[in-house]
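> Predicted structure and sequence below. I'll ask about it afterward.
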4 protein chains.
Amino acid sequence: MIVAMQEKATEEQIDAVIAALVESGVEVHRTTGEMQTILAAVGMPGVMHVHRISSPYKLAGRSFRPEGTVIEFRNGVTVGGKQVVAMGGPCSVENRDQIFETARRVKGAGGAFLRGGAFKPRSSPYAFQGMGIPGLELMREAAEAHGLLVVSEVMEISQIEPMAPYVDLFQVGARNMQNFNLLRELGLIRKPILLKRGIAATIEEMLLSSEYILSGGNYEVILCERGIRTYETATRNTMDISAIPIVKKLSHLPIIADPSHGTGRRDLVAPMARAAVAAGADGIIVEVHPNADKAASDAAQTLYPDQFDTLMGELRLIATAVGRSF
Amino acid sequence: MIVAMQEKATEEQIDAVIAALVESGVEVHRTTGEMQTILAAVGMPGVMHVHRISSPYKLAGRSFRPEGTVIEFRNGVTVGGKQVVAMGGPCSVENRDQIFETARRVKGAGGAFLRGGAFKPRSSPYAFQGMGIPGLELMREAAEAHGLLVVSEVMEISQIEPMAPYVDLFQVGARNMQNFNLLRELGLIRKPILLKRGIAATIEEMLLSSEYILSGGNYEVILCERGIRTYETATRNTMDISAIPIVKKLSHLPIIADPSHGTGRRDLVAPMARAAVAAGADGIIVEVHPNADKAASDAAQTLYPDQFDTLMGELRLIATAVGRSF
Amino acid sequence: MIVAMQEKATEEQIDAVIAALVESGVEVHRTTGEMQTILAAVGMPGVMHVHRISSPYKLAGRSFRPEGTVIEFRNGVTVGGKQVVAMGGPCSVENRDQIFETARRVKGAGGAFLRGGAFKPRSSPYAFQGMGIPGLELMREAAEAHGLLVVSEVMEISQIEPMAPYVDLFQVGARNMQNFNLLRELGLIRKPILLKRGIAATIEEMLLSSEYILSGGNYEVILCERGIRTYETATRNTMDISAIPIVKKLSHLPIIADPSHGTGRRDLVAPMARAAVAAGADGIIVEVHPNADKAASDAAQTLYPDQFDTLMGELRLIATAVGRSF
Amino acid sequence: MIVAMQEKATEEQIDAVIAALVESGVEVHRTTGEMQTILAAVGMPGVMHVHRISSPYKLAGRSFRPEGTVIEFRNGVTVGGKQVVAMGGPCSVENRDQIFETARRVKGAGGAFLRGGAFKPRSSPYAFQGMGIPGLELMREAAEAHGLLVVSEVMEISQIEPMAPYVDLFQVGARNMQNFNLLRELGLIRKPILLKRGIAATIEEMLLSSEYILSGGNYEVILCERGIRTYETATRNTMDISAIPIVKKLSHLPIIADPSHGTGRRDLVAPMARAAVAAGADGIIVEVHPNADKAASDAAQTLYPDQFDTLMGELRLIATAVGRSF
């Protein structure tokens, strides 16, 4: 029999359980980890195997900060508090006009962050791989012009330093959720990280990956539900909305939702964004492009600016209904 | 090459495509089904396989009734219209007190249907299999006493007739979504059917199963998203909220959500019910029991009546935010 | 804390555990089922949730018949012993010539069973639903002419009696693996049952479904791995070859493999049949049709008779390599 | 309508198809990529959407090297030819005795490669992360002493250079299958790469990832099936044996199987290794440890040396049955 004590179990409680087990004739092995005490009872006659459910993350666990983490950005925008935030922008930065026009519309609709890829992880080596640093320069300029913050994906350790001056929030993509060396380096910097759930990652694995960042001393991590891989082919991924309330319960970290990648379909972005906020998400990240159908990547799931406007209006109502502001 | 003609393709259009294909030196096989014409071009030199995407359901398709189906029950309650409905009750009917007390609380909170199992599909032959007809008698009495409608699961053809006097809405469970003989029989009766999505069914398969009922002449089918099986173990199933807007687009049938089975966890029922309504669901079906933790089945996912009250209040706000009433 | 006692736990052992638990100040709820005693310790201070792993099937468990079940058919063919058997035939019986020619080739290649569908479960109500009893008459005639046994699918309770004179082995399809009423009725007859794994069923659920048949007194059940639903689209299903050694360990029932449905691709039938036998399968069931590409159903996964001949030769070598005969 | 021409389609064939389409009154957009010509017919009246199935990898495709790739190592061992190879060793290198004893037993049983982790990707930051370069020094010494080749995992670009002197085959783990920057760097070196399938990667995605390496000029890539994530919990992963014959058909690259990670259970390693070889695998990689139950990681799935001996004997028989040598 394996007994997993609660994280807050006192020494008296642990001793009482050990005593009870020893009493019944078994040998007890005690393992007190950083987080939890596990007791293994060997040789208890007649008892079958019992599975332990433990919480292997420590700093990411709710009990570490029961009140929840609120991340404040330099312009006063907060993520994880009462406010629900919106991040919008193209899959890839393509040129000056595109990113300035997008920034204008994202800000106009009430968005707080400009998103856009400069380094792009692509399944095929022959697909467009992004503009790199020049793309980030354009993003930063466009964001400054409209009072937005910048979020963009980092794919590799060597990109952290050159990217730092341009981004307010480093995004770790789904494919890198378990690139542990990258996570560890991101734990050493002092900028917030947006950590996306891997395409087949469990919620526990996502929290463990955040632990790599937190354990380096960087406590400003925002999680993101962006759909998991299932047998259903009607959508690109199946968005696991239940991950939102589960993370809220297990962890103190904020969590946002990405209905663009979560569904892969423009017509589903709005209903799923509403669902995410209704379930308690701290924000959404959405692909928006002034000429969505001609986007260099992810065209099928990208909103036109007018659709983004409408969505922001809907989310304002939902946020109010669940006691949040937008 | 396989060419799937549109459902409404005219003879002239079909002939034009055939002519073009023959012109290029291939042999064309034509298959005109009830719904659609499929052309197979064999031997076209240099052409690789091309996959067809067709819509194999006809009566369930949105184009059959673009305005949507609204099902009206004998007491005026409607499903599929502006109103969002709630169905509540225990997993299994256990005794008179339990079902009367539940009915009182469901009605008090604003519910429209009393749910409860009398014939129970259980993975194990040794688990409680339900009270049968006596359970339905109790449900009917309790429902009448409180002005509720009755929904209960039918597992087999031979149960249809004896159950009919007691239920307003026949439920087909997830495990029977592809019990085609049962579906065909339910197509011949004149009572609405609640068809739950199979645990690993695609949305297309759910619509095809509804087609079995519709093609028998029974057009009153309500679909239900109740979670699909994925690798994630934090929840009993992963609720596919995106199925709701997808069904709304592909079909005219109403769709409701079951966050109790969809998650298997009491603490997730409320956020997922809110998410479902925010995404456009026509209602929810939830397990409620006056003594939830002692329920004979599904205890872990069953709400206490007070929790159901709170949830109804939240849903009222969300419904309003998306332009529905409750 | 939940403690699941071993199936063979004695009263003394159970009492000792209860005493130890009570000693430590908790309230103990005891549930003694037909198979196992479960103890729930409520209120034990400081103890987190502990999950039980139990074996909820009893008659299907290996310990019920450690030596394994061998099913002997009327002509001396056995399933579950040293012999590896092959079942071959078309997806659907279509006409006299087709089924006689198939029977001739299946027998010639060394097959023991003629398979073929007369009642067909089809996702669409508009697809070919099978020839019914006249199809079974043809199968029986063809099988008799060539010394083969007959296996065919039963979809509904009302078909059991009319089918019985024609079949030696009743097949329960994947979609009906949890049609518990059908399973229960099949437990009351005295003919072997071939129970196919549901498309999203766990191995445990398959064994629980077999328990429905066994608990009625019919101990002659053969299980069948036929692929599960995953995200991979290169194949129709993902064949879970590991289910074969797992079932051999957990249960005494024979298990065969269906590489036709398991893959949905003709070119994968042979390698997957070899893999199944190498992993310990007691037989295979394969779709064979004299004119495979023109088959009324499942054409893409059906072997030509010559391919079946070649496969039988390969399986003979693999069977020998793992100490079996063919 | 989208028409995907075969890779080898001639200009005449493409023109003939375009002519036929234009004839029927549509506008044709032609995209000739590096690999394939795609024709998009816009405005063809009455034709519904048709999905293209293309082969987006070029260098990894079978047609690039129809005879198959055979990789020859410095001691004459080949992978991808007639020979079936075995790689064995501990999950992690722990100390000198452990790795020398393992090497002795792996060689004695007929293995060709010593496997062992020095840099370990671990879900938790608190788990053992490997010995690093000192571990590789031990592995190299032990391998030399027994005439084995060395395979070990590289997690990051900065590890490539320091690891190079010690390994004969660089392993890219499942979590890094889409770490595109790492893959690109590995395309620039001249050592063979063992690329493991991601836990939720499709076969196509695995081939695309290999294309990143091949397109850099390193053609020596060995693929590895190691189980995918599904709903089944009886095994750690579900081993997709069908990936082996599919890769053999689509690509010229060798493919081996990892039944240790593929199942996560010691008792399933042997049957699944047999299945893999029966299905056409070019080799297996297996965890072996002189004191398997005390292994620092992956203990539950690690073989004892005696079990490895027995397995090698079984595989010799299976390899012969499918016309290979061992």
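Thanks, I have the structure now.

> For chain A, what lies in contact range of chain D?
Contacts of chain A with chain D, taken as Cβ under 8 Å from any Cβ of the partner chain, map to A:33-34, A:56-58, A:121-126, A:155-158, A:175-176, A:178-181, A:184, A:198-200, A:205, A:208-209, A:211-212, A:215, A:229. Every C-beta, even on glycine, is put in place using the N, C-alpha and C of the backbone.

> cutoff 6 Å now
Residues of chain A lying near chain D by Cβ under 6 Å from any Cβ of the partner chain: A:56, A:121, A:123-125, A:155-156, A:175, A:178-181, A:199-200, A:205, A:208, A:211-212, A:215, A:229.

> Retrieve the pLDDT associated with the closest residue to residue A:157 other than its chain neighbours.
Among residues not flanking residue A:157 along the chain, residue A:185 sits closest, at 5.0 Å (Cβ to Cβ, 6 or more residues apart in numbering or on different chains). Residue A:185 is assigned 97 on the pLDDT scale.

> following the helix or strand hosting residue A:185, which helix or strand comes up?
For residue A:185, the host element (DSSP states H and E) is helix A:180-186. Downstream of helix A:180-186, the first helix or strand assigned by DSSP H and E is strand A:193-196.

> can you give me the helices for the stretch 201-326 of chain A?
A:203-214, A:243-250, A:259-263, A:266-278, A:305-321 (DSSP state H, counting those that start in this stretch).

> The last one - what's its average pLDDT?
Translated: helix A:305-321. Here the average pLDDT along helix A:305-321 is 97.

> Can you give me the buried ones in that helix?
Using 16 or more other Cβ atoms under 10 Å in any protein chain shown as the test for burial, helix A:305-321 gives A:305, A:307-309, A:311-312, A:314-319, A:321.

> From the contact counts, what lies against the helix holding residue A:185?
With contacts taken as 3 or more Cβ pairs under 6 Å, 6 or more residues apart in numbering or on different chains; DSSP states H and E, helix A:180-186 sits against helix A:203-214.

> Compute the number of surrounding residues for the nearest residue to residue A:311 once chain neighbours are set aside.
Of all residues not flanking residue A:311 in the chain, residue A:270 sits nearest, at 4.8 Å (Cβ to Cβ, 6+ apart). Residue A:270 has 21 neighbouring residues, counting by other Cβ atoms under 10 Å in any protein chain shown.

> got it, and residue A:227?
Using other Cβ under 10 Å, residue A:227 has 26 neighbouring residues.

> now do residue A:79
For residue A:79, the count of nearby residues is 27 (other Cβ under 10 Å).

> Let me see the contact set for it.
Residue A:79 is in contact with A:71, A:85, A:222, A:254, A:282, counting by Cβ atoms under 6 Å, 6 or more residues apart in numbering or on different chains.

> list the contacts for residue A:199?
Contacts for residue A:199 (Cβ under 6 Å, 6+ apart) come out as A:174, A:229, D:200.

> That one sits in which helix or strand?
Applying DSSP H and E, one finds residue A:199 in no helix or strand.

> separation between it and residue C:302?
Residue A:199 sits 34 Å away from residue C:302, going by Cβ to Cβ, to the nearest Å.

> now swap in residue A:115 and tell me
Residue A:115 is 50 Å from residue C:302, where distance means Cβ to Cβ.

> what do you get for residue A:72?
For residue A:72, the distance to residue C:302 equals 64 Å [Cβ to Cβ].

> isn't residue A:236 right up against residue A:264?
Yes. Contact criterion Cβ atoms under 6 Å: residue A:236 and residue A:264 qualify, at 2.5 Å.

> Near residue A:260, how many other residues are there?
A count of nearby residues for residue A:260, using other Cβ under 10 Å, gives 29.

> no wait, residue A:115
Residue A:115: 30 surrounding residues under other Cβ under 10 Å.

> Please name the nearest non-neighbouring residue to it.
Distances taken as Cβ to Cβ, 6+ apart put residue A:89 closest to residue A:115, at 3.9 Å, once the chain neighbours are dropped.

> what does residue A:243 give?
Leaving aside its chain neighbours, residue A:243 sits nearest to residue A:225 (4.5 Å; criterion: Cβ to Cβ, 6+ apart).

> what pLDDT does that neighbour get?
98.

> go on, residue A:40?
Residue A:40 is assigned a pLDDT of 51 by the prediction.

> again, but for the one 3 residues further on
At residue A:43, the pLDDT value in this model is 46.

> same check, this time on the one 4 residues further on
Residue A:47 carries a pLDDT score of 44 in this model.

> Perfect, I'm done here.
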